[in-house]
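Chemist: When you get a sec, could you give me coordinates for this:
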Amino acid sequence: MTRRRPPARRRTRRPSRRRQQRDAHLIVLAVVATAVVGLVVMVVNWLLAHWWVLLIALLLAVFTGVGWLYTRQQQARWDAVRAQGLRYGLSQLDALHHAKFEEAVRDLMRRDGCRDAQRVGRGGDLGADVKATDPLGRRWVIQCKHRRHGLRGGAVGTPDLQVLNGTARPVHGADVAVIVTNGRVTAPAVTFAKQQRLHVVDRQTLAVWASGSRPLWELLRAVPPPAGRTNVRPH
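Modeler: From the prediction side, this is the model:
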């Protein structure tokens, strides 16, 4: 008579470590979510019981916003007044670092009413140091050439104008492309500028512009008219 072997016991598979970690994370998230909901309920109940705290916070926020807006308006008015009275002498411009010279040109454009005038001159700026939109909607791209020794410094030549001509319109979308210097400009460069519809602000023109109150477009000849106008008034 053969004896029957007892059935083999099935081994229970323990959950993997990854599953245990996932379950632990879910438990932690559930505890945190419960605590957060409980805290929110407590805060809401407290605020409902102390509604005057909300009123004070709202009033403080309103007063802070009004104060910030007033400060911004006052600063804008002061900037406008300062811009209207902005003047530079040639000796001041000669003494500037080239980056400060670019900032001075930017500020003069703002004085003339170009609210968005900004200095963009950096390494790899592709020939644009200052960009601005005048009140008539024309886009100005300005390249600045500062000479520490003024007229005794190196002259701005045709290669400088060629860089401006190659990037101002196709790259920067200029309506008016200008090069500004406190130094000299060679005769071939002036001829090239006329041929390519570029504008040169030499030391003499810069002196009139920086020390007066007339906008730059009133000092230059054959500035292109705003869009929709065909008449060009030479100056």
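Chemist: what stretches of the protein score poorly on pLDDT?
Modeler: In the predicted model, the chain carries pLDDT under 70 at residues 1-15, 74-84, 123-125, 227-235.
Chemist: Which residue would you name as the spatial centre of it?
Modeler: Averaging the C-alpha coordinates of the chain gives a centre point, and the residue nearest to it by C-alpha atoms, centre = their mean is Gln118 (6.9 Å).
Chemist: for it, what are its contacts?
Modeler: Each residue near Gln118 by C-beta atoms under 8 Å, 6 or more residues apart in numbering is listed here: Arg106, Val130, Lys131, Ala132. Where C-beta positions appear, they are placed from N, C-alpha and C, glycine not excepted.
Chemist: who does it bridge with?
Modeler: Lys131 (DSSP bridges).
Chemist: Could you measure from it over to Ala132?
Modeler: When distances are taken as C-beta to C-beta, to the nearest Å, Gln118 and Ala132 turn out to be 7 Å apart.
Chemist: what touches both of these two?
Modeler: With C-beta under 8 Å, 6+ apart, Gln118 and Ala132 have common neighbours Arg106.
Chemist: for this structure, what spans make up the helices?
Modeler: 17-49, 51-84, 90-94, 98-111, 158-167, 187-195, 203-211 (DSSP state H).
Chemist: Show me which residues of the fourth one are buried.
Modeler: Spelled out, that is helix 98-111. Neighbour-count burial for helix 98-111, counted by 16 or more other C-beta atoms under 10 Å, picks out Phe101, Glu102, Glu103, Ala104, Val105, Arg106, Asp107, Leu108, Met109, Arg110, Arg111.
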